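Q: Below are the sequence and a predicted model for it; my questions follow.
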Amino acid sequence: MHLILYQPGAAGDMVAAVIDSKDFRLIEGRILPAKARQKFTPTDFNDIDVQMHNWSTKYSAVATQYYDYYRERNLDHILIDTSYDVRVVEWCLRRAEKVSYPHHTFDPKEILYNYMNIYMAYRKATKVIDFRDILNGNLITVLKQWIDTPLNEELYHQWLKNALTFFPFDISSYDTQNIICR
(Lines give C-alpha, C1' and ligand atoms only; values in the text may rest on other atoms or scores of the structure.)
Protein backbone atom coordinates (compact mmCIF):
# COMPACT_ATOMS: atom_id res chain seq x y z
CA MET A 1 0.00 0.00 0.00
CA HIS A 2 1.26 3.47 -0.88
CA LEU A 3 1.02 5.90 2.04
CA ILE A 4 0.66 9.55 1.12
CA LEU A 5 1.79 11.97 3.85
CA TYR A 6 0.58 15.54 3.40
CA GLN A 7 -0.50 18.66 5.22
CA PRO A 8 -4.12 19.85 5.10
CA GLY A 9 -4.94 21.42 1.74
CA ALA A 10 -2.00 19.87 -0.15
CA ALA A 11 -4.11 17.45 -2.24
CA GLY A 12 -3.27 14.23 -0.43
CA ASP A 13 -6.67 12.67 -1.08
CA MET A 14 -6.36 13.56 -4.76
CA VAL A 15 -2.94 11.89 -5.03
CA ALA A 16 -4.30 8.77 -3.31
CA ALA A 17 -7.30 8.79 -5.68
CA VAL A 18 -5.05 9.04 -8.74
CA ILE A 19 -3.23 5.90 -7.54
CA ASP A 20 -6.38 4.05 -6.38
CA SER A 21 -9.73 5.68 -7.25
CA LYS A 22 -11.81 3.16 -5.32
CA ASP A 23 -14.29 4.89 -2.98
CA PHE A 24 -13.49 8.44 -4.15
CA ARG A 25 -15.71 10.95 -5.95
CA LEU A 26 -14.79 14.20 -7.70
CA ILE A 27 -17.37 16.89 -6.97
CA GLU A 28 -16.81 20.55 -7.91
CA GLY A 29 -13.04 20.23 -7.86
CA ARG A 30 -12.97 18.37 -4.57
CA ILE A 31 -11.96 14.77 -4.07
CA LEU A 32 -14.38 13.28 -1.58
CA PRO A 33 -13.52 9.97 0.06
CA ALA A 34 -16.22 7.50 1.02
CA LYS A 35 -16.78 7.05 4.73
CA ALA A 36 -14.49 3.98 4.78
CA ARG A 37 -11.59 6.17 3.59
CA GLN A 38 -12.23 9.19 5.78
CA LYS A 39 -9.92 10.32 8.51
CA PHE A 40 -10.46 8.91 11.96
CA THR A 41 -9.35 10.09 15.38
CA PRO A 42 -6.93 7.57 16.89
CA THR A 43 -6.20 7.41 20.59
CA ASP A 44 -2.71 5.99 20.07
CA PHE A 45 -0.39 4.44 17.48
CA ASN A 46 -1.97 1.01 17.98
CA ASP A 47 -5.27 2.44 16.69
CA ILE A 48 -3.45 3.69 13.62
CA ASP A 49 -1.78 0.30 13.14
CA VAL A 50 -5.19 -1.39 13.11
CA GLN A 51 -6.67 1.20 10.71
CA MET A 52 -3.64 0.95 8.39
CA HIS A 53 -4.05 -2.82 8.31
CA ASN A 54 -7.77 -2.46 7.50
CA TRP A 55 -7.05 0.05 4.72
CA SER A 56 -4.28 -2.14 3.28
CA THR A 57 -6.77 -4.96 2.70
CA LYS A 58 -8.98 -2.67 0.57
CA TYR A 59 -6.82 0.02 -1.01
CA SER A 60 -3.49 0.41 -2.76
CA ALA A 61 -3.10 4.05 -1.63
CA VAL A 62 -4.16 5.99 1.46
CA ALA A 63 -3.56 9.63 2.38
CA THR A 64 -2.91 10.57 6.01
CA GLN A 65 -1.55 13.40 8.12
CA TYR A 66 -0.09 11.34 10.99
CA TYR A 67 3.37 12.91 11.00
CA ASP A 68 4.45 11.47 14.35
CA TYR A 69 3.25 8.00 13.40
CA TYR A 70 5.38 7.96 10.25
CA ARG A 71 8.43 9.11 12.19
CA GLU A 72 7.90 6.62 15.00
CA ARG A 73 7.20 3.66 12.72
CA ASN A 74 9.77 4.73 10.09
CA LEU A 75 7.32 3.83 7.31
CA ASP A 76 8.00 4.14 3.62
CA HIS A 77 5.73 6.83 2.23
CA ILE A 78 5.26 9.40 -0.50
CA LEU A 79 5.51 12.93 0.88
CA ILE A 80 3.79 15.92 -0.67
CA ASP A 81 6.36 18.60 0.09
CA THR A 82 5.32 22.17 0.81
CA SER A 83 8.25 22.97 3.13
CA TYR A 84 10.20 24.97 0.54
CA ASP A 85 8.15 28.09 1.34
CA VAL A 86 6.05 28.74 4.45
CA ARG A 87 3.69 30.83 2.31
CA VAL A 88 2.78 27.66 0.40
CA VAL A 89 2.05 25.95 3.72
CA GLU A 90 -0.26 28.83 4.59
CA TRP A 91 -1.93 28.76 1.16
CA CYS A 92 -2.63 25.04 1.59
CA LEU A 93 -4.16 25.65 5.02
CA ARG A 94 -6.33 28.48 3.63
CA ARG A 95 -7.42 26.12 0.84
CA ALA A 96 -8.24 23.46 3.46
CA GLU A 97 -10.35 26.02 5.34
CA LYS A 98 -12.39 26.70 2.24
CA VAL A 99 -12.61 23.12 0.95
CA SER A 100 -12.78 20.93 4.05
CA TYR A 101 -12.98 23.01 7.22
CA PRO A 102 -15.28 25.98 6.52
CA HIS A 103 -15.89 26.63 10.22
CA HIS A 104 -12.22 26.58 11.25
CA THR A 105 -9.55 29.23 10.80
CA PHE A 106 -5.94 28.11 11.01
CA ASP A 107 -3.89 30.37 13.25
CA PRO A 108 -0.16 31.17 12.92
CA LYS A 109 0.78 28.39 15.36
CA GLU A 110 -0.93 25.82 13.12
CA ILE A 111 0.91 27.21 10.10
CA LEU A 112 4.23 26.80 11.91
CA TYR A 113 3.22 23.33 13.20
CA ASN A 114 2.43 22.10 9.69
CA TYR A 115 5.54 23.72 8.25
CA MET A 116 7.82 22.06 10.80
CA ASN A 117 6.17 18.66 10.43
CA ILE A 118 6.44 18.68 6.65
CA TYR A 119 10.02 19.90 6.83
CA MET A 120 10.98 17.14 9.29
CA ALA A 121 9.24 14.56 7.09
CA TYR A 122 11.05 15.94 4.03
CA ARG A 123 14.42 15.37 5.67
CA LYS A 124 13.68 11.63 5.97
CA ALA A 125 11.60 11.09 2.85
CA THR A 126 12.84 9.01 -0.07
CA LYS A 127 9.80 9.66 -2.30
CA VAL A 128 8.88 13.32 -2.57
CA ILE A 129 6.28 15.08 -4.69
CA ASP A 130 7.04 18.78 -4.85
CA PHE A 131 3.67 20.53 -4.47
CA ARG A 132 4.60 22.73 -7.43
CA ASP A 133 4.63 19.60 -9.60
CA ILE A 134 1.02 18.93 -8.64
CA LEU A 135 -0.03 22.49 -9.51
CA ASN A 136 2.00 22.54 -12.74
CA GLY A 137 0.44 19.37 -14.17
CA ASN A 138 3.41 17.06 -13.55
CA LEU A 139 1.95 14.68 -10.95
CA ILE A 140 1.57 11.70 -13.30
CA THR A 141 5.19 11.92 -14.44
CA VAL A 142 6.40 12.05 -10.83
CA LEU A 143 4.19 9.15 -9.67
CA LYS A 144 5.30 6.91 -12.52
CA GLN A 145 8.75 6.83 -10.89
CA TRP A 146 7.31 4.71 -8.07
CA ILE A 147 3.93 3.37 -9.22
CA ASP A 148 3.71 0.68 -11.85
CA THR A 149 -0.07 0.26 -11.91
CA PRO A 150 -2.37 2.42 -14.09
CA LEU A 151 -2.96 5.93 -12.75
CA ASN A 152 -6.23 7.84 -13.09
CA GLU A 153 -4.92 10.66 -15.27
CA GLU A 154 -8.40 11.89 -16.16
CA LEU A 155 -9.30 12.42 -12.50
CA TYR A 156 -6.07 14.35 -11.92
CA HIS A 157 -6.62 16.66 -14.90
CA GLN A 158 -10.26 17.29 -13.92
CA TRP A 159 -9.18 18.05 -10.35
CA LEU A 160 -6.41 20.36 -11.53
CA LYS A 161 -8.76 22.32 -13.79
CA ASN A 162 -11.43 22.68 -11.12
CA ALA A 163 -9.33 23.02 -7.97
CA LEU A 164 -7.37 26.04 -9.11
CA THR A 165 -10.49 27.74 -10.41
CA PHE A 166 -12.17 27.19 -7.05
CA PHE A 167 -9.16 28.43 -5.04
CA PRO A 168 -6.49 30.04 -7.27
CA PHE A 169 -2.86 29.61 -6.29
CA ASP A 170 -1.58 33.03 -5.22
CA ILE A 171 0.81 33.44 -2.29
CA SER A 172 1.74 37.06 -3.02
CA SER A 173 -0.76 38.46 -0.51
CA TYR A 174 0.57 36.54 2.50
CA ASP A 175 2.61 38.53 5.01
CA THR A 176 4.39 35.45 6.30
CA GLN A 177 8.13 35.80 5.86
CA ASN A 178 9.42 33.66 2.99
CA ILE A 179 11.42 30.80 4.48
CA ILE A 180 13.43 28.63 2.16
CA CYS A 181 15.01 25.74 4.01
CA ARG A 182 16.96 24.12 1.27
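A: Cool, got the structure.
Q: mind checking pLDDT for Y122?
A: In this prediction, Y122 carries a pLDDT score of 86.
Q: Just the strands from the protein, written as ranges.
A: Here the chain has its strands, by DSSP state E, at 2-5, 24-27, 30-33, 61-64, 78-81, 127-130.
Q: And those strands: which comes nearest R95?
A: Nearest of the strands of the chain to R95, taken as CB to CB: strand 30-33 at 10.4 Å. Where you see a C-beta, it was placed from the backbone N, CA and C, and this is true even at glycine.
Q: For the strands of the chain, give me TSV that also has mean pLDDT.
A: Formatted as TSV, those follow (pLDDT from 0 to 100):
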stretch	mean pLDDT
strand 2-5	90
strand 24-27	82
strand 30-33	78
strand 61-64	88
strand 78-81	95
strand 127-130	96
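Q: Show me where the protein dips below the pLDDT cut-off.
A: Judged by pLDDT under 70, the chain has its weakly predicted residues at 29, 35-41, 101-102, 171-182.
Q: for the closest residue to S60 other than its chain neighbours, what are its contacts?
A: Of all residues not flanking S60 in the chain, D20 sits nearest, at 4.3 Å (CB to CB, 6 or more residues apart in numbering). By CB atoms under 8 Å, 6 or more residues apart in numbering, the contact set of D20 is H2, Y59, S60, A61.
Q: got the strands of the chain as JSON lines, with distance to T105 and mean neighbour count columns?
A: Below are these laid out as JSON lines (distance: least, CB to CB, whole Å; neighbours: other CB atoms under 10 Å):
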{"stretch": "strand 2-5", "distance to T105": "24", "mean neighbour count": "23"}
{"stretch": "strand 24-27", "distance to T105": "24", "mean neighbour count": "14"}
{"stretch": "strand 30-33", "distance to T105": "19", "mean neighbour count": "18"}
{"stretch": "strand 61-64", "distance to T105": "23", "mean neighbour count": "23"}
{"stretch": "strand 78-81", "distance to T105": "22", "mean neighbour count": "24"}
{"stretch": "strand 127-130", "distance to T105": "27", "mean neighbour count": "18"}
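Q: wait, which of those strands is closest to P150?
A: strand 61-64 (12.4 Å).
Q: So in that sheet, which strands flank the closest one, and in what orientation?
A: Its sheet considered, strand 61-64 pairs with strand 2-5 (parallel) by DSSP bridges.
Q: Distance from the chain centre to the strand it pairs with, please.
A: Distance of strand 2-5 from its chain centroid, counting by CA atoms, centre = their mean, to the nearest Å, is 8 Å.
Q: Contacts for it, please.
A: So strand 2-5 is in contact with 12, 15-16, 19-20, 52, 60-67, 70, 75-80, 121, 125, 146-147, going by CB under 8 Å, 6+ apart.
Q: what's the neighbour count on K124?
A: 11 (other CB atoms under 10 Å).
Q: sorry, that was for T126
A: 9.
Q: For the top helix by length along the chain, list every residue counted as buried.
A: In terms of residue count, the longest helix belonging to the chain (DSSP state H) is helix 108-124. Within helix 108-124, the residues scored as buried using 16 or more other CB atoms under 10 Å are E110, I111, Y113, N114, Y115, N117, I118, Y119, A121, Y122.
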